[in-house]
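Participant: turn this into a model:
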Amino acid sequence: MHHFIKRCVIFVVLLSSFYNAFATHIVGGEFTYTYLGDTTISAKTMHKYQVSLSIYEDCLNGQPGAIAQDNPAWLGVYDGMGNIVEMDTGDNGVCCGIPFSLSVTVAPNLSITCVSNIPPTCLLKKTFTKIYYLAPNSSGYLVSYQRCCRNASIVNVSDPGDEGCTYFCSIPASPIVNNSAVFKNYPPQIICSDNPLYYDHSANDADGDSLSYGFSPAYTGGSEANVKPVPLPPPYDSVSYISPEFSSQSPIDGNPTIQIDPVTGLITGTPDIAGRYLVNVYCNEWRSGALINTIRREFQFVVTPCSPKSGNSSSFQSISIMAGDSLQFSASGSSYYLWSPATYLSDPYIPDPIGYFPVAGQFNYILHTVTSNNCEENETVTVNVLDHSDIFVPGAFTPNDDGKNDVLQPIPVLNSTLRNFKVFNRKGNMVYNGGPNDKGWNGDYRGVKQDTGAYYWELEYTDNTGETRRKKGDVTLIR
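Facilitator: Residues are numbered from 1 along each chain as shown. This next block holds a predicted model:
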């Protein structure tokens with residue numbers, strides 16, 4: 001009568017100065033399991049699973065006594081009806097808990113690596129492993145782990161210092177056997193405010209199940225009076241988010257808002273207010289079109305102001321193509337590439353993906369790279385996909401004879417031919433009338449320099465199909 005578990009990573013970062021011994025050392029935890037096949041015990045067929053629980057501890061600020069109390073871990077195994085299958089605890093259980101088998105230090109995993117004022121961190125990952133044997137049933141199984149309490153500095157939930165945590169995973173009912181999906185990366189311990197966030201929160205699945213992602217509520221568990229409770233079965237209560245600013249679906253301030261791609265698991269946005277934010281992400285596993293399981297990862301994003309070192313950069317490119325055409329993107333000089341979003345791209349993780357654009361529209365991409373000196377950079381690329389060729393007219397020009405932007409001239413885009421270009425002042429008087437071979441308007445009218453201000457233009461051109469088209473707009477003359 002043993003068990004299962006699914007990867008429910010919890011990851012929490014603790015950087016505050018003052019903590020309660022029972023609360024602030026817990027940085028998170030993670031459940032995974034592996035199906036090891038069937039075996040026979042007392043003439044009964046049993047599913048064999050290796051279950052691993054990893055918890056994360058703040059070894060910088062955490063109290064040694066509280067950290068010591070984490071070992072051994074207490075797990076409760078229930079069937080889908082809420083009946084106890086096995087209780088690995090030191091309190092009213094058949095066992096004394098599960099001692100940790102591995103302890104490693106986790107890297108800081110900053111959201112942006114090229115900063116000069118990185119706060120100190122220390123994070124330990126302790127892993128507890130056990131093999132469970134589960135009888136096939138029609139309701140499945142659930143494993144739970146509960147602990148108290150969260151650190152009081154969390155800004156998006158009410159009374160975090162008085163609320164514990166519940167992490168749970170479930171295994172599907174027979175005849176389905178399953179390996180848990182496994183999240184690929186540790187969350188960053190520190191996120192720089194006012195810097196774009198690109199965190200790959202996707203998972204791998206050994207069974208080849210389809211995966212989808214989203215934000216989920218975090219759950220309470222344990223109390224100050226019982227900091228290490230015997231794990232209970234569901235239902236579990238959600239923490240109370242401070243509304244209307246925050247919710248389980250909108251856990252962090254950001255501009256643009258923090259969001260997770262349901263297909264790729266990529267978390268993006270720009271956090272703009274410093275603080276510690278509780279976040280819970282789910283990963284659904286789909287097989288043959290049916291939802292067979294959900295894993296969850298709870299963690300805390302610590303948003304802090306950062307002082308960038310030289311090396312971070314951001315630039316902008318604009319490219320125009322015809323609908324139905326392909327475009328070869330190109331980047332170099334980095335060890336990591338991520339194009340976001342992945343829409344119409346052959347592979348978002350390589351420097352030179354091919355984009356095929358079947359429809360007209362404007363598509364904005366951000367290329368996120370890590371350079372050779374371990375700094376992160378972002379470059380914005382806009383792809384203008386046209387259903388016919390066009391002509392572009394700048395929105396401003398400066399006719400001051402400095403050799404830069406002195407002339408207003410239409411620019412053909414994708415094989416257009418200008419036929420006529422006219423400019424009018426605010427009174428409606430035409431101050432320029434040029435043809436396809438003229439150099440453009442230099443800001444003069446009959447030898448007199450025109451005043452700074454807005455002017456209006458009209459043009460006529462032939463597009464790539466031979467059709468005659470007309471456009472109107474305005475331009476600002478700046479002296």
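Participant: hmm, residue 130 is touching residue 98, no?
Facilitator: Yes: in this structure, residue 130 is within contact of residue 98 by CB atoms under 8 Å, at 5.2 Å. Glycine gets a C-beta too; all of them are placed from N, C-alpha and C.
Participant: give me the common contacts of the two.
Facilitator: Residues within reach of residue 130 and of residue 98 at once, by CB atoms under 8 Å, 6 or more residues apart in numbering, are 75, 88.
Participant: residue 71: what's it in contact with?
Facilitator: By CB under 8 Å, 6+ apart, residue 71 lies in contact with 97, 99, 100, 126.
Participant: where in the protein is pLDDT low?
Facilitator: For the chain, the stretches with pLDDT under 70 are 1-24, 90-95, 108-119, 307-316, 371-376.
Participant: re earlier: most surrounded residue in the contacts of residue 71?
Facilitator: Using other CB atoms under 10 Å as the neighbour criterion, residue 126 leads the contacts of residue 71 with 20 neighbours.
Participant: and that residue, which helix or strand is it part of?
Facilitator: strand 123-134 (DSSP states H and E).
Participant: how far is the helix or strand following that strand from where the chain is centred?
Facilitator: Elements were assigned by DSSP H and E; along the chain past strand 123-134, the next helix or strand is strand 141-147. Offset of strand 141-147 from its chain centre (CA atoms, centre = their mean, to the nearest Å): 27 Å.
Participant: gap between the two ends of stretch 158-178?
Facilitator: By CA to CA, to the nearest Å, the extent of stretch 158-178 from end to end equals 37 Å.
Participant: isn't residue 138 up against residue 175?
Facilitator: No: at 9.7 Å, residue 138 does not count as touching residue 175 under the criterion of CB under 8 Å.
Participant: looking at those two now, which is surrounded by more residues?
Facilitator: Shown here are residue 138 and residue 175; by other CB under 10 Å, residue 138 has more neighbours (10 against 7).
Participant: what's near enough to touch that one?
Facilitator: For residue 138, the contact set (CB under 8 Å, 6+ apart) comprises 80, 173, 174.
Participant: how close does it get to residue 174?
Facilitator: Distance from residue 138 to residue 174, counting by CB to CB, to the nearest Å: 7 Å.
Participant: coming back round to it: among the contacts of residue 71, which two are most distant?
Facilitator: Greatest spacing in those, by CB to CB: 97 and 126 (12.8 Å).
Participant: any idea what residue 259 is bridged to?
Facilitator: residue 268 (DSSP bridges).
Participant: ok, residue 262 to residue 283 distance?
Facilitator: 10 Å.
Participant: same drill for these two, tell me which one is more crowded.
Facilitator: Comparing residue 262 with residue 283 by other CB under 10 Å, the one with more neighbours is residue 283, at 28 against 11.
Participant: how far away is that one from residue 212?
Facilitator: For residue 283 relative to residue 212 (CB to CB), the value is 7 Å.
Participant: do the same with residue 132
Facilitator: Computed with CB to CB, the distance linking residue 132 and residue 212 is 27 Å.
Participant: with residue 302 instead?
Facilitator: For residue 302 relative to residue 212 (CB to CB), the value is 27 Å.
Participant: swap in residue 42?
Facilitator: 40 Å.
Participant: kindly report the same for residue 326.
Facilitator: 29 Å.
Participant: hmm, back to that, please identify which of the contacts of residue 138 is nearest to residue 272.
Facilitator: The closest of these, once distances to residue 272 are taken by CB to CB, is residue 80, at 42.8 Å.
Participant: quick one: residues contacting that closest one.
Facilitator: Taking CB under 8 Å, 6+ apart as the test, what residue 80 contacts is 137, 138, 139, 140, 141, 142, 170, 173.
Participant: hmm, back to that, out of residue 326 and residue 212, which sits in the busier spot?
Facilitator: Taking neighbours as other CB under 10 Å, residue 326 and residue 212 compare with residue 212 leading, 16 against 11.
Participant: quick check: chain neighbours aside, which residue is closest to that one?
Facilitator: Residue nearest to residue 212 in three dimensions, not counting chain neighbours: residue 284, with 4.6 Å by CB to CB, 6 or more residues apart in numbering.
Participant: who does residue 291 bridge with?
Facilitator: Going by DSSP bridges, residue 291 forms beta bridges with residue 286.
Participant: neighbours of the closest residue to residue 265 other than its chain neighbours, how many?
Facilitator: Distance criterion CB to CB, 6+ apart; nearest residue to residue 265, sequence neighbours excluded, is residue 202 at 3.4 Å. Number of residues near residue 202 (other CB under 10 Å) recorded here: 19.
Participant: am I right that residue 202 is in contact with residue 267?
Facilitator: No: with contacts counted by CB under 8 Å, residue 202 stays clear of residue 267, the gap being 9.8 Å.
Participant: which of the contacts of residue 80 are buried?
Facilitator: 140, 141, 142, 170 (16 or more other CB atoms under 10 Å).
Participant: check contacts around the third one.
Facilitator: Residue 142 makes contact with 4, 77, 78, 79, 80, 168, 169, 170, 171, 233, 234 under the criterion CB under 8 Å, 6+ apart.
Participant: so the second one sits in a helix?
Facilitator: Read that as residue 77. No: the assignment for residue 77 (DSSP: H, G, I helix; E, B strand; the rest coil) gives strand, which keeps it out of a helix.
Participant: just give me the neighbour total for it.
Facilitator: 26.
Participant: same check on the fourth one?
Facilitator: For residue 79, the tally of surrounding residues (other CB under 10 Å) stands at 19.
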